[in-house]
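Visitor: Mind folding the following:
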Amino acid sequence: MMSEFQHIIDLYPWLETFKDLLAPKCHDCGVKIGEKHLNGCDTARCSVCGGQHMICGCEEGEADLWLGLMYLVEHKMCLDNGYWCRDAIYLDGEEFIVTSPEMHRLGLRMQFSKVPGFQMKFHIPCTQDDVGAHADLNRAAMQSQKGNKPSWMEDSLDEIEDSQ
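Guide: Got it, this is the predicted structure:
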């Protein structure tokens, strides 16, 4: 059976790595994969500068298409450059790798409650195969430059629009 994301994965095979993160609709404006973000959407990127469309100020810029994943460019950079990290909880000196959203929320609650002997660390560098590894989007964002839209993105956007 073909997944609802197969078309987008066929266009961008590297998305297979992040298939568990793909969403059929944008969390903010609700458009479906392959549809242009609505004006004011906080996820939309500018077609001219690559910045956040709602605040970039480019007069000619248009919102990009929802392709199933927030921070698409940064995820690709993480994959290409090996930018992976993990988060960990430390309780009385013992390390527990964060492996689920529930564990992450619990750790944050403990951090804010100032539980004695508790510490939480974020963005600990690791490899893609390590337990709890996720794309280090902060590192990728620091490395990216405004106005640098990758060629892989340019090449396939017309293809997606044509298939609608």
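Visitor: ranges for the strands of the chain?
Guide: In the chain, the strands defined using DSSP state E lie at 84-91, 94-97, 118-126, 134-135.
Visitor: Show me what the last one pairs with in its sheet, parallel or antiparallel.
Guide: Based on DSSP bridges, the pairing partners of strand 134-135 within the sheet are strand 84-91 (antiparallel).
Visitor: So what touches the partner strand?
Guide: Identification of contacts with strand 84-91 by Cβ atoms under 8 Å, 6 or more residues apart in numbering yields 78, 95-98, 103-104, 106-107, 110, 115, 117-128, 130-136, 139. (Each C-beta comes from the backbone N, C-alpha and C, glycine too.)
Visitor: picking up where we left off before, pick the most buried one from the strands of the chain.
Guide: strand 134-135 (a mean of 20; mean count of other Cβ atoms under 10 Å).
Visitor: Could you check how far that strand is from the centre of its chain?
Guide: Its chain's average C-alpha position is 9 Å from that of strand 134-135, according to Cα atoms, centre = their mean, to the nearest Å.
Visitor: how close does the residue located most distally from the centre of the chain sit to residue 109?
Guide: For the chain, the largest distance from the centre (Cα atoms, centre = their mean) belongs to residue 116, which lies 33.1 Å off. As judged by Cβ to Cβ, to the nearest Å, residue 116 and residue 109 stand 15 Å apart.
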